[in-house]
Every structure is written in C-alpha cells, then in structure tokens.
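S.K.: let's see this in three dimensions:
(one chain, ligands or ions: 1)
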Amino acid sequence: MLEGMDTINESYDVVVVGGGPAGLNGALVLARSRRSVLVVDAGHPRNAPAHAVHGLFAREGTPPAELLARGRDEVTSYGGTVVDGELVGAQRVGEDLEVRLADGRTTRARRLLVTSGLVDVLPDVPGLPERWGRDVLHCPYCHGWEVQDQAIGVLAVNHMVVHQALLFRQLTDDLTVFLHRSTLEPEDAETLQALGIRLVDGEVTGLTVEDDRLTGVRLADGTVVARDAVVVATSMRANAAFLDGIGLRAVAHPSGVGEHVPADPTGRTEVPGVWVAGNVTDLTAQVGASAAAGALAGAGLNGDLALEDARRAVDRLRRA
Ligand SMILES: Cc1cc2nc3c(=O)[nH]c(=O)nc-3n(C[C@H](O)[C@H](O)[C@H](O)COP(=O)(O)OP(=O)(O)OC[C@H]3O[C@@H](n4cnc5c(N)ncnc54)[C@H](O)[C@@H]3O)c2cc1C
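M.R.: Down below sits the predicted model:
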C-alpha cells in the first residue's frame, strides 16, 4: 500500500463507484443493513461549479460540497468506508467482481453499484466552459429562480431549445433565443413569438464578460446582444468506460440528449450483480431523484444479497 492512502479490504459485499448523491444514499442504505460497503469517489460531482443545491427539500440552498461531506459522514458512521480514488477497471472473477483503482489497488465485491454520474459536453462556443454553472446554465430548477427577471438568452443547439425557452419564459419577460446554426419549425417559431420571445439569427461566436460577469452574446457579424445569463443544452455522457471489462457500456439515450447505461426501474442492469443509479443511467435526474434512485438500488442490492445468502445457507445445510 502507498503511504498516506486509506486502507481498503480484500473484499466487500458491495463496491459503490462514485460518491455523489446516488452513491452515498445507496451506501447509506447498504451500511444500515449491515452490508460491508466501500465507496470509491473520484471527487468531481457534476454540480461542483454551482454555489448551492436548489430544489431539494429540507436542504434547499446547501453548497454541494457540504451536502456530500455530510453524506460521507453518515455512511462512515454506520461502518461504511469512503475513499478518494478513481475506478479504472472491473472484471468478473468467479462469482465476484474485481475492481481496479487508478493507483493500482484492487478489491473484490459480490455486487457493484455504479453511480459515476455523467459529463456535460458543452456546445462548441468559446467562453462557455469558463462560465458554466455560474451564468451559463442548463436547468431552470437548479438556477432559474436566481436569474429571474434578468435578460436571458437561450442558445439553440438541439431540439431542447423550445422546451428550455418555454421554461425560462416562466422566469423572465426578457428572453432571447439565439438560433446559432439551427432553424426552427415554423410552428415553434410562432409559439415563441406569441410568448414575446425574441428570435435572433446568426452564429454565436462568443460571450462578453466584464468584472467576472456575463454581459452579452457575440454574433459572427460582431453584434453583441446584452444578456445576463445564457441557457445551453449539453450532450450528457455517462461515465462508464471503466465497465468495459464486464461488458457494460453506455448507449444512446432514446430522448437523443446523450448516452446512458440502461437499467430496470430498480437500477438492475443486464450484467448480473451490477446496479446503476443517478445520472449514469437517468441523465436528467436531479439531486433528490439521484439520491432516491441510489437508495432504491441499495435496497435492491441488499434484497438480492439476502436471497443469495439464503441459497448458500440451504446448500450448506444440505451438504452437512
Ligand atoms: C452546474 C450544475 C448545477 C446543478 N444544480 C443542481 C441543483 O441546484 N439542484 C439539483 O437537484 N440538481 C442540480 N444539478 C444536477 C446534479 O448535479 C445531479 O443531479 C447530481 O449530481 C447527480 O448525482 P449522481 O450521484 O448521479 O452523480 P454526481 O453527483 O456527478 O457524482 C458522481 C461521482 O462519481 C465520481 N466518479 C466518476 N467516475 C468515477 C470513477 N471511475 N471512479 C470513482 N468515482 C468516479 C465523480 O467524480 C463524482 O464524484 C446541477 C447540475 C449542474 C451541471
């Protein structure tokens, strides 16, 4: 073992990949059922750029890092282990799953709960990454209240543009849709215009920023349209490359908004012993929904393990 590293055991009932809301709630349920559980977390939760978590009852406005620190404490208080690290591979070894961390450590698990989240791939417009989660936004429920009545722009990048425009129109009278490289169906354009939403033609080539605040959207012809915030749709890609060794892959989501790992409603995947929860499978789940899915998967895993324990006990009895 390398100096300064947390000790991990040779095996666990469940290894949880990812320590966001889904992973920590799953681990909490498992630890409280007296399952040995290891959470391996790379420490890059999706909402890290945001100041606060919104739309979450009883924890409204809590900074993301504070929420996760509290979740980690809850898991460890029931005997679970949480370590910082990145899982880079998994393979089946007998009935178990062996997982490999980037630092070379390995451990085995009877079951895997994958809650590794997703990566938001931003549209290819200069300046968006620097403002992401601050005044370049994607979600009316996460930051809509905070930008209400401001001058908001919606960048058209895919079919989500009309949906996003309708939802942000609820929050401001001053809404502009930048058509960028796309065109709208005539009935969509009519709907937006009927709602008093301005449509601006022309490719968007960047943003203007003053004193670390977004001030406008720049078009290819040099025009700058003053805006306080810009809404974009991202392409959402599940973090799942490390599952290749056990035959689980991200596939195109039927909605066309990205790639996810499919599962049944409890989080059980097509690969025996592997469950998923949160954004890795449900691309649009927010913090509350991700945590709930993690809890459901944790309960499903515990039930599955209990059945296996019972089968093994019967086998032992019959052999005795
Ligand atoms: C800018 C922004 C603001 C948002 N604001 C809100 C909000 O206000 N309210 C709300 O409800 N939702 C909000 N969301 C959505 C919220 O981020 C997600 O719903 C939530 O993070 C999903 O939880 P999760 O556990 O599935 O994934 P995550 O929270 O992303 O956690 C996944 C964890 O797995 C780790 N991981 C990934 N790969 C590996 C690996 N190979 N090995 C080990 N660990 C790994 C990651 O580093 C990360 O720590 C926001 C999203 C964004 C982008």
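S.K.: and the lengthiest strand in the chain, which strands flank it?
M.R.: In the chain, assigned by DSSP state E, the strand with the most residues is strand 106-114. Using DSSP bridges, strand 106-114 pairs in its sheet with strand 11-17 (parallel), strand 96-101 (antiparallel), strand 274-276 (parallel).
S.K.: near whatever residue of the stretch 101-250 of the chain ends up closest to the ligand, how many other residues are there?
M.R.: In the stretch 101-250 of the chain, the residue that lies nearest the ligand is Gly117 (2.7 Å; Cβ to the nearest ligand atom). Every C-beta, even on glycine, is put in place using the N, C-alpha and C of the backbone. Neighbour count for Gly117, taken as other Cβ atoms under 10 Å: 27.
S.K.: over to Leu195?
M.R.: 13.
S.K.: without its sequence neighbours, what residue ends up closest to it?
M.R.: Arg169 (5.3 Å; Cβ to Cβ, 6 or more residues apart in numbering).
S.K.: ok, that neighbour - contacts?
M.R.: Leu175, Leu195, Gly196, Ile197 (Cβ atoms under 8 Å, 6 or more residues apart in numbering).
S.K.: what about Ala102, distance to Gly89?
M.R.: The gap separating Ala102 from Gly89 is 9 Å, by Cβ to Cβ, to the nearest Å.
S.K.: more neighbours: which of those two?
M.R.: Set Ala102 next to Gly89 and count neighbours by other Cβ under 10 Å: Gly89 wins out with 16 against 13.
S.K.: re the thing from before, just among the contacts of Arg169, which is most surrounded?
M.R.: Busiest of those [other Cβ under 10 Å] is Leu175, holding 24 neighbours.
S.K.: that one against Val200, yeah?
M.R.: No. With contact defined as Cβ atoms under 8 Å, Leu175 does not count as touching Val200 (11.0 Å).
S.K.: pretty sure Asp188 sits against Val162.
M.R.: Yes. The pair Asp188 / Val162 is scored as a contact, 5.0 Å apart, by Cβ under 8 Å.
S.K.: okay, and the common contacts of the two?
M.R.: With Cβ under 8 Å, 6+ apart, Asp188 and Val162 have no common neighbours.
S.K.: how many neighbouring residues does Gly144 have?
M.R.: Neighbour number of Gly144 under other Cβ under 10 Å is 20.
S.K.: repeat that for Gly23.
M.R.: Counted with other Cβ under 10 Å, Gly23 comes out at 34.
S.K.: quick one: contacts for it?
M.R.: Gly23 touches Val16, Val17, Val39, Asp41, Leu113, Thr115, Ala277, Gly278, Gly294, counting by Cβ under 8 Å, 6+ apart.
S.K.: for the fourth one, which non-adjacent residue is spatially closest?
M.R.: With Cβ to Cβ, 6+ apart as the criterion, Asp41 has its nearest non-adjacent residue at 3.0 Å, and that residue is Gly19.
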